[in-house]
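Enquirer: I need the structure of the sequence given here:
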Amino acid sequence: MTIGEKLWEGKGKSAGPSFIKYVGMEGVGQMYSWNAQLKGMGRAKGMDLNFNATGKSMTPPKGIGHAKTQGMFMTMSGDMGVFKGFDMMRMAGKNPGAAGLYSFMTMSEKLGWMNDLIGVVTFEALDPMWNEMSITIHEWK
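Expert: A predicted model of the protein is given here:
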């Protein structure tokens, strides 16, 4: 496994309240949504994206949580597609953050290369409640 070039980076925001779906011995299950504006670089230069995502997470009382995320993206020129991902999260502590693997699908000829892309997505919480986060997407080669 090799991490390739950085394709996008930017900031995201929580898009409303999260909803508690489950509370049990293994932790708290939630549904949440977020959106982000990402600037393209490297092979994605000039392909700035707007992301809109919804996810489900399970956060244990201590330790590492996990989430499944899906959503859609759109470029400034109107090309669009969808994505799905799986994240591992450190929700609290000194450096709250997450890392995930995302796949993409689009019918756009211009963005067709994304259909073969696996993105390594990293999130860094910019506040303790995860209302804002920085996001970076690298290609996984």
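Enquirer: I'd like the average pLDDT over the longest strand seen in the chain.
Expert: Determined from DSSP state E, the single longest strand within the chain is strand 27-40. What strand 27-40 shows for mean pLDDT is 96.
Enquirer: Excluding sequence neighbours, find me the nearest residue to G29.
Expert: Using CB to CB, 6 or more residues apart in numbering and skipping the chain neighbours, the partner closest in space to G29 is Y22 (3.4 Å). The way it works is simple: take the backbone N, C-alpha and C, and place the C-beta from them, glycine included.
Enquirer: Surely that neighbour is within a strand?
Expert: Yes - counting by DSSP: H, G, I helix; E, B strand; the rest coil, Y22 is part of a strand.
Enquirer: follow-up on the earlier one: which helices and strands does the longest strand of the chain pack with?
Expert: If you count contacts as 3 or more CB pairs under 8 Å, 6 or more residues apart in numbering; DSSP states H and E, strand 27-40 packs onto strand 3-14, strand 19-24, strand 49-59, strand 132-140.
Enquirer: at 10 Å what do you get?
Expert: Based on contacts counted as 3 or more CB pairs under 10 Å, 6 or more residues apart in numbering; DSSP states H and E, the elements that strand 27-40 packs against are strand 3-14, strand 19-24, strand 49-59, strand 65-75, strand 132-140.
Enquirer: quick one: pLDDT of the residue positioned nearest the centre of the chain?
Expert: Closest to where the C-alpha atoms of the chain average out (CA atoms, centre = their mean) is V121, at 5.9 Å. Looking at V121, its pLDDT is 97.
Enquirer: element containing it, please.
Expert: For V121, the host element (DSSP states H and E) is strand 118-125.
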